[in-house]
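Undergrad: no sequence for this one, just the structure:
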């Protein structure tokens, strides 16, 4: 049975929407709780919540991947698209073996470039599966993994929304700027994963950590202080690394990726 090009776009887009909504709810739970004024108990629930979210992210990513890869005109194109996705994920996951410096890692630059060339849904799949594979390679599997997968997946997704200028220098500059901004956003979101559970103790309140008794404005204020105190330097290092890598290698990588896209007859 041959799948017509574009047939799976609505379903894969809907899957991406569901995964993203679930992820955003998990990330912003402290603020949602504060806004609702509910006294939720968080003790002992993180492992279960993370396991459920991991299942949703992996299943959603695979569903989106199937929808995206089925858009080609035939079986040969499908096999080449699968091979290309697998190769990109494997290459980027291997880059995580390069020692990072204050949060800087080369994997994010390639996610941004791939999302820009192949589109938002392919970028999401590539980003999320890259973090999944790299976690297995580096023994980095833990309750933080689904949150990392979502952040990197969203990075690839948003990269696909970057406007396509005529000048090659302009597009590299745009992607580099996006890489810098996403370096900070990635850290800010990942801090939300651990922030409600980072308090040193029930009786130790130094104005940094979340508490169920806080109002929404108090939660926002505390998180701003927490982020500036604990994460800003690392995120700045990640942002600078993204910008430098994309400016230096972005043009060559874009040309290579577009050549692969042509050979796999990819439909944007």
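TA: Sure, I can see it. Computed from a predicted model, the values in this text were never measured in an experiment.

Undergrad: buried residues in the one helix or strand residue 217 maps to?
TA: Element membership for residue 217 (DSSP states H and E) is helix 216-230. With burial defined by 16 or more other CB atoms under 10 Å, the residues of helix 216-230 counted as buried are 219, 222-223, 226-227, 230. No exception for glycine: its C-beta is placed from N, CA and C like everyone else's.

Undergrad: Give the other helices and strands that the helix or strand where residue 147 lies contacts.
TA: Per DSSP H and E: residue 147 is located in helix 145-159. For helix 145-159, the elements it packs on are helix 9-27, helix 46-69, helix 107-118, helix 120-137, helix 168-194, judged by 3 or more CB pairs under 8 Å, 6 or more residues apart in numbering; DSSP states H and E.

Undergrad: ok, 6 Å please
TA: Secondary-structure packing of helix 145-159 (3 or more CB pairs under 6 Å, 6 or more residues apart in numbering; DSSP states H and E): helix 46-69, helix 107-118, helix 120-137, helix 168-194.

Undergrad: TSV for the ones you listed, including mean pLDDT?
TA: Converted to TSV, the helices and strands packed on helix 145-159 look like this (pLDDT from 0 to 100):
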stretch	mean pLDDT
helix 46-69	67
helix 107-118	94
helix 120-137	90
helix 168-194	93
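
Undergrad: How about residues contacting stretch 186-201?
TA: 27, 30, 42, 144, 147, 151, 209-210, 226-227, 231, 235 (CB atoms under 6 Å, 6 or more residues apart in numbering).

Undergrad: Pick out the most distant pair among those.
TA: Pairwise distances across these peak at 24.7 Å for 42 and 235 (criterion: CB to CB).

Undergrad: Go ahead and flag the most central residue of the protein.
TA: Geometric centre of the chain, nearest residue: residue 152, 1.7 Å, by CA atoms, centre = their mean.

Undergrad: that older thread, tell me which of the helices and strands packed on helix 145-159 is the most buried.
TA: Neighbour counts (mean count of other CB atoms under 10 Å) averaged over each of the helices and strands packed on helix 145-159 peak at helix 107-118, with a mean of 26.

Undergrad: Just say helix, strand or coil for residue 139.
TA: Three-state call for residue 139 (DSSP: H, G, I helix; E, B strand; the rest coil): coil.

Undergrad: rewinding a little: contacts for the helix holding residue 217 next, please.
TA: Contacts for helix 216-230 (CB under 6 Å, 6+ apart): 30-31, 34-35, 188, 191, 195, 208, 210.

Undergrad: Is the residue nearest to the centre of the chain in contact with residue 131, as I believe?
TA: Yes - the criterion here is CB atoms under 6 Å, and residue 152 meets it with residue 131 at 4.8 Å.

Undergrad: List buried members of the contacts of stretch 186-201 by neighbour count.
TA: 27, 30, 147, 151, 209-210, 226-227, 231, 235.

Undergrad: and of these, the nearest to residue 12?
TA: Of the buried ones among the contacts of stretch 186-201, the one sitting nearest to residue 12 (CB to CB) turns out to be residue 151, at 20.0 Å.

Undergrad: residues touching that closest one, list them.
TA: Residue 151 neighbours (CB under 6 Å, 6+ apart): 186, 189.

Undergrad: Residue 92 against residue 110, yeah?
TA: Yes - counting by CB under 6 Å, residue 92 touches residue 110, with 4.8 Å between them.

Undergrad: Now do the longest helix anywhere in the chain: which elements does it pack against?
TA: In the chain, with assignment by DSSP state H, the single longest helix is helix 232-263. If contacts are counted by 3+ CB pairs under 6 Å, 6+ apart, helix 232-263 sits against helix 107-118, helix 168-194.

Undergrad: Contacts made by the first one with the rest, please.
TA: When contacts are taken as CB under 6 Å, 6+ apart, the neighbours of helix 107-118 outside the stretch itself are 88, 92, 95-96, 123, 126-127, 152, 155-156, 159-160, 162, 175, 179, 242, 245-246, 253, 257-258.
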